[in-house]
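S.K.: Only the shape, not the letters, is given here:
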């Protein structure tokens, strides 16, 4: 298991989670990103604990499934970050 925090994400300790805020120039970009997150969730069978958004931002929190962050959570974070760039890696 990797202990490396994915680039751009903040690791929180209590409870263990990864957090990142994504900022977009307009609502259309925000909405497209949310749709790509949905595709990532379906592909991995894993979803963030919390997604909150406004017109030009999306906050994503990925909580540890088993009390500690593992490869699955880090992979989800990396795939969501790729989705922010317009791809679903």
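M.R.: Received the coordinates, thanks. All of these numbers come straight from a predicted model, not from anything done at the bench.
S.K.: Which neighbouring elements make contact with the helix-or-strand element of the chain with minimal mean pLDDT?
M.R.: In the chain, no helix or strand scores lower on mean pLDDT, DSSP states H and E than strand 10-13, which sits at a mean of 90. When contacts are defined as 3 or more CB pairs under 8 Å, 6 or more residues apart in numbering; DSSP states H and E, strand 10-13 packs onto strand 16-23. Using the backbone N, CA and C atoms, a C-beta is placed for each residue, glycine as well.
S.K.: Which positions within the strand it packs on qualify as buried?
M.R.: By 16 or more other CB atoms under 10 Å, the buried positions in strand 16-23 come out as 16-20, 22.
S.K.: burial of the closest residue to residue 15 other than its chain neighbours, as a residue count?
M.R.: Spatial nearest neighbour of residue 15, excluding adjacent residues (CB to CB, 6 or more residues apart in numbering): residue 63 at 6.2 Å. For residue 63, the neighbour count with other CB atoms under 10 Å is 16.
S.K.: same thing with residue 50?
M.R.: 12.
S.K.: distance of it from residue 4?
M.R.: Residue 50 sits 22 Å away from residue 4, going by CB to CB, to the nearest Å.
S.K.: For the chain, which residues score under the pLDDT cut-off?
M.R.: Per-residue confidence for the chain (pLDDT under 70) gives these ranges: 1-3, 87-89.
S.K.: In the chain, which helix is the longest?
M.R.: Assignment by DSSP state H gives helix 27-44 as the longest helix of the chain.
S.K.: So for that helix, what gets flagged as buried?
M.R.: 29-30, 33, 36-37, 40-41.
S.K.: Just send those residues back as a markdown table, with distance to residue 56 too.
M.R.: Shown next, in a markdown table, are these (distance: CB to CB, whole Å):
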| residue | distance to residue 56 |
| --- | --- |
| 29 | 8 |
| 30 | 6 |
| 33 | 11 |
| 36 | 16 |
| 37 | 16 |
| 40 | 20 |
| 41 | 22 |
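S.K.: for the residues you listed, which one is nearest residue 8?
M.R.: Among those, residue 33 lies closest to residue 8 (CB to CB), at 13.9 Å.
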